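[1] Sharing a model prediction with you, sequence too.
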Amino acid sequence: MNVMEIYRSVQGEGILSGVPTTFVRFFACNLRCSWCDTKYSWSVHDGGTWENLAPEIVAGRVRELRARHIVLTGGEPTLQKELPALAHLLKEDGHHLTIETNATIFPADSVPLIDLWSLSPKLQSAGESYLRYPILERFLKTLRPDQQQWKFVVRDEEDEQQLRRLLIRYPEFAEQKLPIILQPEGDSATLDYPSALEQLIERVRDPFWDDYFVRVLPQMHVIIWGRKRWV
(Lines give C-alpha, C1' and ligand atoms only; values in the text may rest on other atoms or scores of the structure.)
Protein backbone atom coordinates (compact mmCIF):
# COMPACT_ATOMS: atom_id res chain seq x y z
CA MET A 1 0.00 0.00 0.00
CA ASN A 2 1.32 3.46 -0.89
CA VAL A 3 1.25 5.16 2.52
CA MET A 4 2.22 8.80 2.88
CA GLU A 5 1.64 9.41 6.58
CA ILE A 6 0.08 7.91 9.68
CA TYR A 7 -0.58 10.29 12.54
CA ARG A 8 -2.98 11.01 15.38
CA SER A 9 -5.04 14.18 15.64
CA VAL A 10 -8.79 14.91 15.78
CA GLN A 11 -11.30 14.57 13.00
CA GLY A 12 -11.75 18.04 11.57
CA GLU A 13 -14.90 17.64 9.51
CA GLY A 14 -18.15 15.77 9.18
CA ILE A 15 -20.44 14.20 11.76
CA LEU A 16 -17.47 12.92 13.83
CA SER A 17 -15.80 16.32 13.98
CA GLY A 18 -13.70 16.68 17.12
CA VAL A 19 -13.25 12.95 17.78
CA PRO A 20 -9.65 11.80 18.51
CA THR A 21 -8.59 9.97 15.37
CA THR A 22 -5.65 8.29 13.68
CA PHE A 23 -5.31 9.18 10.00
CA VAL A 24 -3.81 6.93 7.35
CA ARG A 25 -3.13 8.95 4.20
CA PHE A 26 -2.50 7.09 0.96
CA PHE A 27 -0.74 8.41 -2.11
CA ALA A 28 -2.48 8.60 -5.53
CA CYS A 29 -5.75 10.06 -6.74
CA ASN A 30 -7.75 9.64 -9.91
CA LEU A 31 -8.96 13.28 -9.89
CA ARG A 32 -7.17 16.62 -10.06
CA CYS A 33 -9.48 19.00 -8.21
CA SER A 34 -8.63 22.64 -8.81
CA TRP A 35 -8.91 23.56 -5.12
CA CYS A 36 -7.50 20.34 -3.62
CA ASP A 37 -5.93 21.03 -0.21
CA THR A 38 -3.75 17.91 -0.30
CA LYS A 39 -2.15 18.06 -3.74
CA TYR A 40 0.94 16.46 -2.23
CA SER A 41 -1.15 13.27 -1.98
CA TRP A 42 -1.21 12.92 -5.76
CA SER A 43 1.70 15.01 -6.98
CA VAL A 44 5.40 14.40 -6.52
CA HIS A 45 5.93 17.99 -7.68
CA ASP A 46 3.91 19.19 -4.67
CA GLY A 47 5.90 17.14 -2.19
CA GLY A 48 4.38 13.70 -2.54
CA THR A 49 6.43 10.89 -1.05
CA TRP A 50 5.34 7.50 0.25
CA GLU A 51 6.34 4.12 1.61
CA ASN A 52 5.18 0.85 0.16
CA LEU A 53 3.85 -0.98 3.23
CA ALA A 54 2.08 -4.27 3.78
CA PRO A 55 -1.34 -4.03 5.46
CA GLU A 56 0.08 -5.73 8.56
CA ILE A 57 2.70 -2.98 8.95
CA VAL A 58 0.09 -0.26 8.53
CA ALA A 59 -2.19 -1.90 11.11
CA GLY A 60 0.74 -2.17 13.54
CA ARG A 61 1.58 1.51 13.26
CA VAL A 62 -2.08 2.43 13.74
CA ARG A 63 -2.24 0.22 16.82
CA GLU A 64 0.69 2.07 18.41
CA LEU A 65 -1.22 5.39 18.27
CA ARG A 66 -4.08 3.95 20.34
CA ALA A 67 -7.03 5.85 18.83
CA ARG A 68 -10.25 3.90 18.36
CA HIS A 69 -11.40 5.95 15.37
CA ILE A 70 -9.41 5.54 12.17
CA VAL A 71 -9.75 7.57 8.98
CA LEU A 72 -8.48 6.15 5.69
CA THR A 73 -7.91 9.07 3.36
CA GLY A 74 -5.74 10.32 0.53
CA GLY A 75 -5.50 10.95 -2.26
CA GLU A 76 -8.15 8.41 -3.07
CA PRO A 77 -7.95 5.43 -0.70
CA THR A 78 -10.15 3.15 -2.81
CA LEU A 79 -7.28 2.93 -5.34
CA GLN A 80 -5.35 0.78 -2.86
CA LYS A 81 -5.82 -2.86 -3.88
CA GLU A 82 -5.15 -4.19 -0.39
CA LEU A 83 -7.74 -1.96 1.25
CA PRO A 84 -9.99 -4.91 2.24
CA ALA A 85 -7.06 -6.69 3.90
CA LEU A 86 -6.19 -3.60 5.93
CA ALA A 87 -9.82 -3.03 6.88
CA HIS A 88 -10.10 -6.62 8.14
CA LEU A 89 -7.02 -6.17 10.33
CA LEU A 90 -8.23 -2.87 11.77
CA LYS A 91 -11.70 -4.24 12.50
CA GLU A 92 -10.12 -7.21 14.31
CA ASP A 93 -8.41 -4.66 16.56
CA GLY A 94 -11.78 -3.09 17.39
CA HIS A 95 -11.39 0.14 15.43
CA HIS A 96 -14.17 2.30 14.01
CA LEU A 97 -13.31 2.93 10.36
CA THR A 98 -14.14 5.97 8.26
CA ILE A 99 -13.08 6.18 4.65
CA GLU A 100 -12.94 9.53 2.86
CA THR A 101 -13.57 9.06 -0.85
CA ASN A 102 -14.46 11.12 -3.90
CA ALA A 103 -17.14 8.51 -4.74
CA THR A 104 -15.85 7.71 -8.22
CA ILE A 105 -14.91 4.08 -7.42
CA PHE A 106 -17.14 1.44 -5.83
CA PRO A 107 -14.90 -1.09 -4.02
CA ALA A 108 -17.49 -3.78 -3.38
CA ASP A 109 -15.22 -5.95 -1.21
CA SER A 110 -14.59 -3.07 1.19
CA VAL A 111 -18.13 -1.74 1.53
CA PRO A 112 -19.28 -3.93 4.46
CA LEU A 113 -16.00 -3.45 6.36
CA ILE A 114 -16.27 0.33 6.73
CA ASP A 115 -18.36 1.87 9.52
CA LEU A 116 -18.72 5.29 7.89
CA TRP A 117 -18.37 6.12 4.23
CA SER A 118 -17.62 9.82 3.93
CA LEU A 119 -18.60 10.41 0.32
CA SER A 120 -17.48 13.66 -1.25
CA PRO A 121 -18.56 13.95 -4.90
CA LYS A 122 -16.89 16.88 -6.59
CA LEU A 123 -19.04 19.67 -7.97
CA GLN A 124 -18.32 21.91 -10.94
CA SER A 125 -15.76 24.17 -9.28
CA ALA A 126 -13.45 21.17 -8.75
CA GLY A 127 -13.34 20.21 -12.41
CA GLU A 128 -15.47 19.21 -15.36
CA SER A 129 -17.34 15.90 -15.29
CA TYR A 130 -16.07 14.72 -11.91
CA LEU A 131 -19.46 13.30 -10.88
CA ARG A 132 -19.84 9.56 -11.59
CA TYR A 133 -23.60 9.01 -11.44
CA PRO A 134 -23.58 5.18 -11.81
CA ILE A 135 -21.12 4.95 -8.89
CA LEU A 136 -23.19 7.31 -6.74
CA GLU A 137 -26.22 5.14 -7.43
CA ARG A 138 -24.38 2.01 -6.28
CA PHE A 139 -23.40 3.67 -3.01
CA LEU A 140 -26.95 4.89 -2.43
CA LYS A 141 -28.43 1.46 -3.11
CA THR A 142 -25.86 -0.50 -1.08
CA LEU A 143 -25.00 1.49 2.06
CA ARG A 144 -27.17 1.63 5.14
CA PRO A 145 -28.31 5.15 6.08
CA ASP A 146 -26.13 5.06 9.21
CA GLN A 147 -23.12 4.00 7.12
CA GLN A 148 -22.86 7.18 5.04
CA GLN A 149 -22.39 10.91 5.08
CA TRP A 150 -22.25 13.09 1.98
CA LYS A 151 -19.89 16.07 1.98
CA PHE A 152 -20.04 18.75 -0.68
CA VAL A 153 -17.66 21.65 -1.13
CA VAL A 154 -19.76 24.58 -2.34
CA ARG A 155 -17.84 27.52 -3.74
CA ASP A 156 -20.49 29.45 -5.64
CA GLU A 157 -24.02 29.57 -7.01
CA GLU A 158 -23.19 27.17 -9.85
CA ASP A 159 -22.00 24.56 -7.36
CA GLU A 160 -25.18 24.85 -5.33
CA GLN A 161 -27.43 24.58 -8.37
CA GLN A 162 -25.58 21.48 -9.54
CA LEU A 163 -25.94 20.01 -6.06
CA ARG A 164 -29.66 20.70 -6.04
CA ARG A 165 -30.04 18.87 -9.36
CA LEU A 166 -28.12 15.93 -7.92
CA LEU A 167 -30.34 15.73 -4.83
CA ILE A 168 -33.51 15.94 -6.91
CA ARG A 169 -32.21 13.18 -9.16
CA TYR A 170 -31.82 10.83 -6.18
CA PRO A 171 -34.85 10.99 -3.85
CA GLU A 172 -33.03 8.72 -1.37
CA PHE A 173 -31.32 11.80 0.06
CA ALA A 174 -34.65 13.23 1.25
CA GLU A 175 -36.49 9.98 1.90
CA GLN A 176 -33.77 8.48 4.10
CA LYS A 177 -32.67 11.80 5.62
CA LEU A 178 -29.07 11.08 4.67
CA PRO A 179 -26.56 13.44 6.30
CA ILE A 180 -25.57 16.16 3.83
CA ILE A 181 -22.68 18.34 4.91
CA LEU A 182 -21.89 21.60 3.14
CA GLN A 183 -18.42 23.09 3.47
CA PRO A 184 -16.94 26.28 2.04
CA GLU A 185 -14.08 25.85 -0.40
CA GLY A 186 -10.92 26.28 1.65
CA ASP A 187 -8.77 28.51 -0.56
CA SER A 188 -11.45 31.16 -0.99
CA ALA A 189 -12.73 30.82 2.59
CA THR A 190 -9.48 30.93 4.57
CA LEU A 191 -9.15 34.72 4.56
CA ASP A 192 -12.56 35.14 6.22
CA TYR A 193 -13.94 31.79 7.30
CA PRO A 194 -16.87 33.17 9.34
CA SER A 195 -18.14 35.04 6.28
CA ALA A 196 -17.77 31.93 4.11
CA LEU A 197 -19.83 29.93 6.60
CA GLU A 198 -22.42 32.69 6.81
CA GLN A 199 -22.85 32.61 3.03
CA LEU A 200 -23.52 28.88 3.13
CA ILE A 201 -25.95 29.32 6.02
CA GLU A 202 -27.85 31.91 4.00
CA ARG A 203 -28.11 29.41 1.16
CA VAL A 204 -29.69 26.72 3.32
CA ARG A 205 -32.33 29.15 4.60
CA ASP A 206 -34.04 28.56 1.26
CA PRO A 207 -37.14 26.31 1.59
CA PHE A 208 -35.59 23.86 -0.89
CA TRP A 209 -33.41 22.54 1.91
CA ASP A 210 -36.28 21.88 4.32
CA ASP A 211 -36.67 18.32 3.00
CA TYR A 212 -33.02 17.44 3.62
CA PHE A 213 -30.87 16.62 6.64
CA VAL A 214 -28.34 19.31 5.82
CA ARG A 215 -25.60 20.76 7.99
CA VAL A 216 -23.22 23.63 7.34
CA LEU A 217 -19.93 22.68 9.00
CA PRO A 218 -16.40 24.07 8.90
CA GLN A 219 -13.20 22.19 8.30
CA MET A 220 -11.90 22.66 11.82
CA HIS A 221 -8.32 21.76 10.91
CA VAL A 222 -8.27 24.45 8.21
CA ILE A 223 -9.36 27.09 10.72
CA ILE A 224 -6.73 26.03 13.26
CA TRP A 225 -3.76 25.01 11.13
CA GLY A 226 -4.43 26.16 7.57
CA ARG A 227 -2.53 23.95 5.12
CA LYS A 228 -0.13 22.49 7.69
CA ARG A 229 0.45 18.73 7.39
CA TRP A 230 0.44 16.02 10.07
CA VAL A 231 -2.33 17.71 12.08
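    Arrived safely, thanks for sending. Residues are numbered from 1 along each chain as shown.

[2] which strand of the chain spans the most residues?
    Longest strand in the chain, counting residues (DSSP state E): strand 2-10.

[3] in that strand, what counts as buried?
    Asn2, Val3, Met4, Glu5, Ile6, Arg8, Ser9, Val10 (16 or more other Cβ atoms under 10 Å). (Glycine included, C-beta is placed from N, CA and C.)

[4] what's the spacing between the first one and Gly186?
    According to Cβ to Cβ, to the nearest Å, Asn2 stands 24 Å off from Gly186.

[5] where does Thr190 land on pLDDT?
    Note on Thr190: pLDDT of 68.

[6] Flag every buried residue along the worst-scoring helix or strand of the chain on mean pLDDT.
    Sorting the helices and strands of the chain by mean pLDDT, DSSP states H and E puts helix 186-189 at the bottom, at a mean of 72. Applying a neighbour-count criterion of 16+ other Cβ under 10 Å, one finds Gly186, Ala189 buried in helix 186-189.

[7] cool, and stretch 159-177?
    For stretch 159-177, a neighbour-count test (16+ other Cβ under 10 Å) marks Asp159, Glu160, Gln162, Leu163, Leu166, Leu167, Glu172, Phe173 as buried.

[8] Check the offset of stretch 165-182 from the chain's centre.
    Remark: stretch 165-182 is offset 17 Å from the chain centroid, using Cα atoms, centre = their mean, to the nearest Å.

[9] which residues of this structure score low on pLDDT?
    Along the chain, segments meeting pLDDT under 70 span 190.

[10] Return the list of helices and strands in contact with the helix or strand following the least confident helix or strand of the chain.
    Following helix 186-189 in sequence order, the next helix or strand is helix 193-204 (DSSP states H and E). Packing partners of helix 193-204 (3 or more Cβ pairs under 8 Å, 6 or more residues apart in numbering; DSSP states H and E): strand 180-184, helix 186-189, strand 214-216.

[11] same for the first one, what does it pack against?
    So that's strand 180-184. Here strand 180-184 touches strand 148-154, helix 193-204, strand 214-216, going by 3+ Cβ pairs under 8 Å, 6+ apart.

[12] ok, Val111 to Thr142 distance?
    Distance, Val111 to Thr142, by Cβ to Cβ: 6 Å.

[13] And for Gln148?
    9 Å.

[14] which residues touch Ser188?
    Listed by Cβ atoms under 8 Å, 6 or more residues apart in numbering, the contact set of Ser188 reads Trp35, Arg155, Ala196.

[15] Neighbour count: Gln148 and Thr142, which is higher?
    Legend: neighbour count by other Cβ atoms under 10 Å for Gln148 and Thr142, higher for Gln148 (20 against 14).
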